[in-house]
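Novice: Provided below are the primary sequence and the corresponding predicted coordinates.
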Amino acid sequence: MTEGQKTAIITDSSCDLSDEQLGEHHIHMISLRIICQNGEYRDRVELNETQLYEIMKTELPKSSLPLPEDVSNLYDSLVAQGVTDVVHVCISSGLSGTFNMVRMIVEDYKAKMNIRIVDSLTLSTGLGAMVLAVAEALEAGDDPDTAVQKAKKVRSSQMAMFVIRTLEYLRKGGRIGLVEGVIGSILQIKPIIYVNDEGVYQTLAKARGYKAAVETMMQETVRKFGKARINLYVVHGQAAEEAESLMENLKNTLNIAKSIIRPVSPVLAIHTGPGLLGIVANLAE
């Protein structure tokens, strides 16, 4: 980076990075919102996943965009700190209006800072992996444009897919995308859902029953990456033991450089429900 350049990294709460990772790399997180019958909450900040699953026993909350003032307040504070450059990596525009909202708000700040808004075309640790790539590039002395290119390179080799116990939550939340809906529910046909290149959900494969679907998801990971060296993330929704077991099985099969298990954020859990298991992987450097 050039002398006097000061770069901030921003993402949103769907990134599924831990608070420790965010803090270690000085990453700013803007919360999406969760709207319940008794009020609304900032994702991860005012409502955690345990509380969310408890609420889901009696109602299905809705997810919503970040508060516009949360975005503008953060940008105001960055201007006050003398930040010259911003890399802002958002949840897929195909799954949320966050990217478009941010793009409109930051127009007011472009005279003060050099802002790069990146549509990740993914979510969860897929987004998180891209954000970490930006942070690590900047820490290594790369300029912001190079950091963005490295994040996009992560996305280009990435596969993000998951299996859920029921499509009910995705359907009710309007996030069903290109995934076929009700057909096969009686036969317990489970789709393996992935995030396609346009950043929306699509069916990758199908299996009969949840266990077979998880097995198929593992096979698809091996098919894509073979013995290539990869960074691997296993995500889950209130299924920590199953996630541990899945990770162990994958470690026996794949060539893993780095591996992390993370719960999905409350705002994502609204659309997937308890029992989600997901695999996110990309080629390691």
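Specialist: Noted; the coordinates are in hand.
Novice: The nearest residue to Thr122 once chain neighbours are set aside and Leu47, how far apart?
Specialist: Excluding its sequence neighbours, the residue lying closest to Thr122 (CB to CB, 6 or more residues apart in numbering) is Val195, at 4.9 Å. For every residue, glycine as well, the C-beta is placed using N, CA and C. Distance, Val195 to Leu47, by CB to CB, to the nearest Å: 24 Å.
Novice: who's more crowded, those two?
Specialist: Just comparing Val195 and Leu47: by other CB atoms under 10 Å the higher neighbour count belongs to Val195, 29 against 22.
Novice: all strands for this structure, in order.
Specialist: According to DSSP state E, the chain carries its strands in the segments 7-12, 27-30, 33-36, 39-42, 62-64, 85-90, 114-119, 159-163, 189-195, 201-208, 229-236, 255-263, 277-283.
Novice: Out of those strands, which gets nearest to Asn73?
Specialist: strand 27-30 (9.6 Å; CB to CB).
Novice: lowest-pLDDT helix or strand in this structure?
Specialist: Across the helices and strands of the chain, the lowest-confidence element by mean pLDDT, DSSP states H and E is helix 168-172, at a mean of 74.
Novice: Grab the CA positions of it and hand them over as PDB.
Specialist: Output in PDB follows, covering the C-alpha atoms of helix 168-172 (Å, rounded to 0.1, in the frame of the first residue of the first chain):
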ATOM      1  CA  GLU A 168     -40.100 -25.300   4.700                       C
ATOM      2  CA  TYR A 169     -38.000 -22.400   6.000                       C
ATOM      3  CA  LEU A 170     -36.400 -21.600   2.700                       C
ATOM      4  CA  ARG A 171     -39.800 -21.600   1.000                       C
ATOM      5  CA  LYS A 172     -41.400 -19.400   3.700                       C
END
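Novice: Packing partners of it?
Specialist: Where contact means 3 or more CB pairs under 8 Å, 6 or more residues apart in numbering; DSSP states H and E, helix 168-172 is packed against helix 266-272.
Novice: Show me what the helix it packs on is packed against.
Specialist: By 3+ CB pairs under 8 Å, 6+ apart, helix 266-272 packs against strand 33-36, helix 49-55, strand 62-64, helix 168-172.
Novice: Give me the buried stretch members for it, please.
Specialist: Within helix 266-272, the residues scored as buried using 16 or more other CB atoms under 10 Å are Pro266, Val267, Leu268, Ala269, Ile270, His271, Thr272.
Novice: Got the domain ranges for this structure?
Specialist: 7-31+66-156, 159-283 (automatic domain parsing).
Novice: now those domains as JSON lines including distance to Arg42?
Specialist: Formatted as JSON lines, the domains of the chain follow (distance: least, CB to CB, whole Å):
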{"stretch": "domain 7-31+66-156", "distance to Arg42": "4"}
{"stretch": "domain 159-283", "distance to Arg42": "9"}
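Novice: Please identify which of those domains is closest to Glu54.
Specialist: Short answer: domain 159-283, nearest of the domains of the chain by CB to CB, at 10.4 Å.
Novice: quick one on the thing from earlier: so what's the gap between the least confident helix or strand of the chain and the chain middle?
Specialist: Its chain's C-alpha centre and that of helix 168-172 lie 18 Å apart, by CA atoms, centre = their mean, to the nearest Å.
Novice: now swap in stretch 43-57 and tell me
Specialist: Using CA atoms, centre = their mean, the offset of stretch 43-57 from its chain centre is 17 Å.
Novice: cool, and stretch 13-27?
Specialist: In terms of CA atoms, centre = their mean, the centre of stretch 13-27 is set 12 Å apart from its chain centre.
Novice: Outside of that stretch itself, list whatever touches it.
Specialist: Under the contact criterion CB atoms under 8 Å, 6 or more residues apart in numbering, stretch 13-27 has outside partners 8-11, 29-32, 42-45, 89, 91, 96, 123-125, 127-128, 131-132, 135-136, 139, 233, 235, 262-265, 267-268.
Novice: Pull the contacting residues for the spatially most central residue of the chain.
Specialist: Compute the mean C-alpha point of the chain, and by CA atoms, centre = their mean the closest residue is Ser124, 1.7 Å away. For Ser124, the contact set (CB under 8 Å, 6+ apart) comprises Ser14, Cys15, Asp16, Ala160, Tyr233, Val235, Arg262, Val264, Ser265, Leu268, Gly278, Val280.
Novice: Could you dump the residues you listed into a markdown table and include distance to Gly82 and pLDDT?
Specialist: Formatted as a markdown table, these follow (distance: CB to CB, whole Å; pLDDT from 0 to 100):
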| residue | distance to Gly82 | pLDDT |
| --- | --- | --- |
| Ser14 | 29 | 98 |
| Cys15 | 25 | 98 |
| Asp16 | 30 | 98 |
| Ala160 | 36 | 98 |
| Tyr233 | 34 | 98 |
| Val235 | 36 | 98 |
| Arg262 | 33 | 98 |
| Val264 | 35 | 98 |
| Ser265 | 31 | 98 |
| Leu268 | 34 | 95 |
| Gly278 | 39 | 98 |
| Val280 | 35 | 98 |
